[in-house]
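Asker: Could you look at this predicted model? Sequence included:
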Amino acid sequence: MPDEPIDARYIEMMNVLASVLADQLQPSGFALLVFDCEDPGRVNYISNCSRQDMIAAMQEFLARNEGRLHDPRSA
């Protein structure tokens, strides 16, 4: 489910880290993704940007890393 709350095991830690990141990275946006390496499947997410903007940034990141991003500035 896209709007499930953060897993109870991570909520306090993720909120503390998100607060530190927001203070240190101003005015940049960030996303923190946390998952259990031994039982993958659920990814916990927190960000200082709108969900729509962060999804667009993550899609661009994936496309760039998979070699699918067309950057007209580099042509």
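Answerer: Okay, I see it.

Asker: where along the chain do the helices fall?
Answerer: 11-25, 51-65 (DSSP state H).

Asker: Any regions of this protein where pLDDT drops low?
Answerer: 1-2, 71-75 (pLDDT under 70).

Asker: Just give the closest residue to the most centrally placed residue in the chain, not the sequence neighbours.
Answerer: Of all residues in the chain, the one closest to the mean position by Cα atoms, centre = their mean is Ala31, 2.8 Å from it. The shortest distance from Ala31 to any non-neighbouring residue, by Cβ to Cβ, 6 or more residues apart in numbering, is to Ser47 (4.3 Å). Using the backbone N, CA and C atoms, a C-beta is placed for each residue, glycine as well.

Asker: Am I right that the one you found is in contact with Leu33?
Answerer: No. Applying Cβ atoms under 8 Å, one finds Ser47 not in contact with Leu33, separated by 9.3 Å.

Asker: Settle it for me: which of those two has more neighbours?
Answerer: Neighbour tally, Ser47 and Leu33, criterion other Cβ atoms under 10 Å: the higher count belongs to Ser47, 19 against 11.

Asker: so how far is Pro5 from that one?
Answerer: Between Ser47 and Pro5 the distance is 14 Å, computed by Cβ to Cβ, to the nearest Å.

Asker: and what of Gln26?
Answerer: From Gln26 to Pro5 the distance is 26 Å (Cβ to Cβ).

Asker: residues contacting Ile46?
Answerer: Ile46 makes contact with 6, 14-15, 17-18, 31-32, according to Cβ atoms under 8 Å, 6 or more residues apart in numbering.

Asker: Of the residues you listed, grab the buried ones for PyMOL.
Answerer: Buried subset of the contacts of Ile46, written as a PyMOL selection, criterion 16 or more other Cβ atoms under 10 Å:
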select buried, resi 6+14+18+31+32
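
Asker: Widest-spaced pair of the contacts of Ile46?
Answerer: Asn15 and Ala31 (14.1 Å; Cβ to Cβ).

Asker: gap between the residue nearest to Ala31 and Leu69?
Answerer: Ser47 sits 21 Å away from Leu69, taking Cβ to Cβ as the criterion.
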